[in-house]
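> I need the structure of the sequence given here:
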Amino acid sequence: ASQDNANRNDIGDLIELYLPQDQPELEADVVLANILAGPLRELREIITAYCKPGGKLVLSGILDNQAQEINDLYSQDFDMEPIEIDGEWARVSGKRKINF
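I've put the predicted structure just below:
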């Protein structure tokens, strides 16, 4: 579905998409998850692990009244940006902390 969406938006050849089982050691520059808050809670460790230190995280598919909770949850590992709200939907994003 992600590749189909990228193709429809004329960027299909600009991105690489992988299923988790195909790239178990992957650390990406950008990790995007457009899923509901429940799975974002449950998959926090997995989603975080796929984002390399200094990489960008973008989470959407979140209702506006759930955004602060998700923001707080991911702030353990990310320097979070201000939450963006559009109607009843929210985007939560940040940069993976670099631990020395």
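> immediately after the helix or strand of the chain with the lowest mean pLDDT, which helix or strand?
Lowest on mean pLDDT, DSSP states H and E among the helices and strands of the chain sits helix 2-8, with a mean of 89. The element immediately downstream of helix 2-8 (helix or strand, assigned by DSSP states H and E) is strand 28-34.
> buried set for that next one?
Buried residues in strand 28-34, counted by 16 or more other CB atoms under 10 Å: V31, L32, A33. Glycine gets a C-beta too; all of them are placed from N, C-alpha and C.
> right, and the helix or strand after it?
Counting by DSSP H and E, the element after strand 28-34 in chain order, helix or strand, is helix 37-42.
> My understanding was that K56 contacts V92; is that so?
No. K56 is beyond contact range of V92, at 11.9 Å (criterion: CB atoms under 8 Å).
> and the strand ranked longest in the chain, which residues are buried?
For the chain, the strand with the greatest residue count under DSSP state E is strand 51-63. For strand 51-63, a neighbour-count test (16+ other CB under 10 Å) marks C51, G55, K56, L57, V58, L59, S60, I62 as buried.
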